[in-house]
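Undergrad: Compute the structure for the input listed below.
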Amino acid sequence: MSTPQNAHVLLVEDDAAIRETTAMLLTQFGFSVRTAADGQAGLDAFRSDPPDVALLDVMLPRIDGISLTRAIRDAGTTPIVLVSARDHPLDVVAGLEAGADDYVTKPFDGPVLAARLRAVLRRAGRIHDDSDGRGRLAFGELVVDPAGMTATVGGESVRLTATEAKLLSELARNAGIVLSRDQLLESVWGYEWGGDTRLVDVHVQRLRAKIGAQRIETVRGAGYKLVR
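TA: Presented below is the predicted three-dimensional model:
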């Protein structure tokens, strides 16, 4: 398995100058980068050699970034980070709902982009992390395995991305306790400095669709909790 230091990044960006600059920047941070100039080329590249993480611009020709996100997510759990213009907040939400794990806004800071990519890679690699023990947590028909980053409902396996699995594990370990959006941003995404709470809201929405809406309760003005 690749490490965040030599991870293979698929960068899909139609602006040649941004594409070349971003690829050079990521290479300087130790990533292996392959590029594509439009959504169809990006999908072809993904299918021919799946990367460790996909970095996708939202506004792409041929296949837009949202549709490309859906196609990659349908194929598996490869981490996806979107790049969005600051004046397109609805695109960000649409991308997260389509299955993206995180996003950065243009213009972005190089170290921040590298940190975001490392963060999603760490989450994806935590399937081998036994530091939290091997105990499974059961809540009626929902069974969560934090160490294995898996879950079942009624004995049926639930297909989760690494980010969804970590979020569900965090809620399960604190079942019945309200966790604020800021707490979840820090524990799941690693944003000690604070981040966009839409990340939490959209991922909770996705989890509800997979495990049952009634299992995650919204506590108005406070956060979320997993119902015991």
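
Undergrad: what's the domain layout of the protein?
TA: Listed by automatic domain parsing, the domain ranges of the chain are 8-125, 129-226.

Undergrad: Three-state assignment for residue 59, please.
TA: When classified by DSSP: H, G, I helix; E, B strand; the rest coil, residue 59 comes out as coil.

Undergrad: For it, give its distance to residue 116.
TA: Distance of residue 59 to residue 116, computed by CB to CB, to the nearest Å: 19 Å. To be clear about C-beta, it is placed using only N, CA and C from the backbone, and glycine gets the same treatment.

Undergrad: So if I had to pick from the two, which one is more boxed in?
TA: residue 116 (22 against 16; other CB atoms under 10 Å).

Undergrad: so who does that one touch?
TA: If a contact means CB atoms under 8 Å, 6 or more residues apart in numbering, then residue 116 has 81, 102, 104 as its contacts.

Undergrad: Could you tell me the phi and psi values at it?
TA: In terms of degrees, to the nearest 10, the main-chain angles of residue 116 are phi -60, psi -40.

Undergrad: ditto for the one 4 residues further on
TA: Note on residue 120: backbone dihedrals following degrees, to the nearest 10 are phi -70, psi -30.

Undergrad: Now for the closest residue in space to it that isn't next to it in sequence, how many residues are close by?
TA: Leaving aside its sequence neighbours, residue 120 sits nearest to residue 79 (CB to CB, 6 or more residues apart in numbering; 3.9 Å). Residues near residue 79, counting by other CB under 10 Å, number 25.
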